[in-house]
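**Q** Fold the following, please.
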Amino acid sequence: MNGIATPLLRGNCLIKTMTIACEVVMCNCLFVLLWTFFEAKGSDCKVWLSEPKMMVLLTLCYLLSALRVGTVLQERKVMMYQVLAQVLKTVSLFALVLVGVVIFGNILEPRTWFFVCYLLSFLTVSSVVRLTLRSLVKRLRSHGKNIHHVVLVGASRSNVELWHEMMDDGTNGYKVEGYFDDQPNEQFDGLVPYLGTPEEVDGFLSAHPLVRFVFCSLHSHESERIIRILDYCENHLVHFYSVPNLHNYLHNRVYLNMFGEVPVLSLHNSALDKTENKLLKRLFDIVFSLAFLCTLFPFVFLIVSIVTKLTMPGPVFFRQKRSGLNDEEFYCLKFRSMKVNKDADRLQATKNDPRKTRWGEILRKTSIDELPQFINVLMGDMSVVGPRPHMLKHTEEYSKLIDKYMVRHFVKPGITGWSQVTGFRGETKELKDMEGRVKGDIWYIEHWTFMLDLYIIYKTVANAVGGDQQAY
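**A** As a prediction, this is how the structure comes out:
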């Protein structure tokens, strides 16, 4: 079997090659079209290279970027936002490389608007192309093409759940041929063929060369059986995966890390743990909050201050201690929407709360009351996007009632968040409402990307403009 190149691997390489080839053509065509358009409009654009040499330069800059970032289209389970995040990374790196080469190499006279138009156009077209290709890949897999042929060894709960992950969505591109265990297991409900005992795995693999993936969940005390299967796989170009049985004590995701040469499983693996992502998020927070505070906020503050002073006594701002990063306390700022009352730090606002004024209703309905929190963002206590900060009393209460509640404090709280744009904004009337919010916050921490932050901001603005029923 040595030397066999499976159609599956060739298919994945073809997907990646097609993606990068299409984008190489696009980056060159868009450059020529926009350059011609700007020249026709009378823009004084000068390039010191011949057109073929310029094409070679663009191609090399893009290939360097695309090969460095990679593609995710060929992966088995990929969300749309992950595809778009990969496009943004590639185009951003391409922009840095290209602009650097152009400026330091004195290749052409740079024109800001030309480059902005070119890169935005390329980002848009590339996003459309990748989403289209991803759709085609999913359709091919749903029709039985580019398929992983798999067998499972052991009928543990982990392998049962693995089977569901592979087979519940036909576009994932898996075909589970069956499972091996000491005896048939009712957990598979007869949906997966029983192929025999673990001792029969090598014989089955020898007779079925299309099966190139083995997922083994045998217990560690069965090491002799595991090693026999592993050795066969290593010597016959079959991919072997060990599936740990963690469900006896863990019921959430785990992540493999290496501590030197020792494998270690962690419960959370956020992209925000990486220094470069923390810097990117903080830089965005500073730029975004400064832009807002220096432009729109002064006018909003002036209007809100006047109306607030005319409609109710007391300060314009409302300051409340809330739980922040690592459960550290900070003062969260808001425009005051209620009469001064002794329950402000104890009770949530309700739909028909008598403490609210008519002006306060407007502030809350339009989310204008939250705008001073951009000051918190600039000061570093909050982020534009993140789990909403809760009152200290709520943190104390819910941390005792909701499992993994405190995980949400591993990142900075935000003005808006994933839970707020997916139906868990506002009053938590029942415990399940807060449980849903916490699950959403943890999902955000584990799936963070810069593109996801931008999407949440977009959804927040759209909800504010369209009117959010849960804003009160």
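**Q** now the helices for the stretch 1-150 of the chain?
**A** Under the criterion DSSP state H, counting those that start in this stretch, the stretch 1-150 of the chain contains helices at 7-40, 51-69, 80-104, 112-142.
**Q** Likewise for the stretch 351-472 of the chain?
**A** Under DSSP H, counting those that start in this stretch, the stretch 351-472 of the chain gives helices at 358-365, 373-379, 392-401, 418-421, 431-446, 450-466.
**Q** Pull up the gap between the closest residue in space to residue 278 that isn't next to it in sequence and residue 288, please.
**A** Counting by Cβ to Cβ, 6 or more residues apart in numbering, the nearest residue to residue 278 once its immediate chain neighbours are dropped is residue 272, at 6.1 Å. Just so you know, the C-beta spots here come from the backbone N, C-alpha and C atoms, and that holds for glycine as well. As for residue 272, its distance to residue 288 is 17 Å (criterion: Cβ to Cβ, to the nearest Å).
**Q** Now do stretch 439-449, average pLDDT.
**A** Stretch 439-449 shows a mean pLDDT of 90.
**Q** go on, stretch 314-331?
**A** In this model, stretch 314-331 has an average pLDDT of 91.
**Q** Show me what it is in contact with.
**A** Residues from elsewhere that reach stretch 314-331 (Cβ atoms under 8 Å, 6 or more residues apart in numbering): 301, 304-305, 308-309, 332-340, 344-345, 372, 376, 381-382, 389-392, 395, 406, 409-413.
**Q** Sort out which of those are buried, if you could.
**A** Using 16 or more other Cβ atoms under 10 Å as the burial test, these include 301, 304, 308, 332-338, 344, 372, 376, 381-382, 389-392, 395, 409-413 as buried.
**Q** sorry, back to before: of the helices of the stretch 351-472 of the chain, which shows the lowest average pLDDT?
**A** helix 358-365 - the lowest mean pLDDT of these, at a mean of 82.
**Q** between it and helix 450-466, how many degrees?
**A** 150 degrees (axes from the mean of the first three to the mean of the last three Cα atoms, to 10 degrees).
**Q** so residue 453 touches residue 384, yeah?
**A** Yes. Using Cβ atoms under 8 Å, residue 453 is in contact with residue 384, at 7.2 Å.
**Q** Distance of the closest residue in space to residue 356 that isn't next to it in sequence relative to residue 434?
**A** In this structure, residue 356 finds its nearest non-sequential neighbour in residue 338, 5.4 Å apart by Cβ to Cβ, 6+ apart. Counting by Cβ to Cβ, the gap from residue 338 to residue 434 is 22 Å.
**Q** May I ask you to confirm that residue 87 is in contact with residue 133?
**A** No. Taking Cβ under 8 Å as the definition, residue 87 is not a contact partner of residue 133, at 11.2 Å.
**Q** rewinding a little: columns distance to residue 199, mean pLDDT and mean neighbour count on top of the helices of the stretch 1-150 of the chain, output as JSON lines?
**A** Shown next, in JSON lines, are the helices of the stretch 1-150 of the chain (distance: least, Cβ to Cβ, whole Å; pLDDT from 0 to 100; neighbours: other Cβ atoms under 10 Å):
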{"stretch": "helix 7-40", "distance to residue 199": "27", "mean pLDDT": "75", "mean neighbour count": "16"}
{"stretch": "helix 51-69", "distance to residue 199": "44", "mean pLDDT": "82", "mean neighbour count": "16"}
{"stretch": "helix 80-104", "distance to residue 199": "40", "mean pLDDT": "82", "mean neighbour count": "18"}
{"stretch": "helix 112-142", "distance to residue 199": "33", "mean pLDDT": "83", "mean neighbour count": "16"}
